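Colleague: sequence and predicted structure below; questions after.
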Amino acid sequence: MSCGVPAGEIKWELRPGGMLVQKRECKESIGEGIITIKISNVSQWHDISVKATSTFGELKMLLSLLTNLEPKEQRLLFKGKERENHEYLHMVGVRDKDKVLLLEDPAIKERKLLSLAGDQVVRSPHCTISV
């Protein structure tokens, strides 16, 4: 029999939803194992290894450690579409060596810049002398 299961021997596993199913041991099985994703930020690349069954939200958590962007500040695009935190990588077709684009949320970026500008004292480039 294929997938490494000897004929006559059936292994079972309990899925998170409570369903009892025959266990698959194929390494080629969709949604199983570790995949490496190339994450493209505007200025740099990151290779991230995650479980194929991870969500985009979990991927954002890992990326926050590398990019110093909080997950809520990140926008992840795959195949031209922004992906939601609850979407699973394998369910939208992310496979080993695929590329995902990471963008900083423009609204949050603008708020950061405004708060930084508000903290700085604006100084005039010239001095006023009174006599």
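Modeller: That came through fine.
Colleague: which residues are contacting the top helix by length along the chain?
Modeller: Taking DSSP state H as the criterion, the chain has its longest helix at helix 106-119. Surrounding helix 106-119, the residues in contact under the criterion Cβ atoms under 8 Å, 6 or more residues apart in numbering are 72-73. C-beta here means a position set from N, CA and C on the backbone, and glycine is covered the same way.
Colleague: pLDDT weak spots in this protein?
Modeller: When residues are selected by pLDDT under 70, those of the chain lie in 1-8, 16-17, 24-32, 118-131.
Colleague: which stretches of it form strands?
Modeller: Ranges of strands within the chain are 12-14, 20-22, 34-40, 45-51, 74-78, 81-82, 99-104, based on DSSP state E.
Colleague: so the residue nearest the centre of the chain versus R111, what's the distance?
Modeller: The centroid of the chain falls nearest to L59 when counting by Cα atoms, centre = their mean (3.0 Å). Per Cβ to Cβ, to the nearest Å, L59 is found 24 Å from R111.
Colleague: H86 too?
Modeller: Taking Cβ to Cβ as the measure, H86 falls 25 Å from R111.
Colleague: same thing with Y88?
Modeller: Using Cβ to Cβ, we find Y88 at a distance of 30 Å from R111.
Colleague: compare those two (neighbour count), which wins?
Modeller: Y88 (17 against 12; other Cβ atoms under 10 Å).
Colleague: for that one, which non-adjacent residue is closest in space?
Modeller: Leaving aside its sequence neighbours, Y88 sits nearest to T55 (Cβ to Cβ, 6 or more residues apart in numbering; 5.5 Å).
Colleague: I figured that neighbour hits M91, correct?
Modeller: No: shown here, T55 and M91 do not form a contact pair, counting by Cβ atoms under 8 Å, at 9.2 Å.
Colleague: so if I had to pick from the two, which one is more boxed in?
Modeller: Counted by other Cβ under 10 Å, T55 and M91 do not tie: T55 has more neighbours, with 18 against 12.
Colleague: now do the contacts for that one.
Modeller: Residues counted as contacts of T55 (Cβ under 8 Å, 6+ apart) are 85-89.
Colleague: so which of these wins on neighbours?
Modeller: L89 (24 neighbours).
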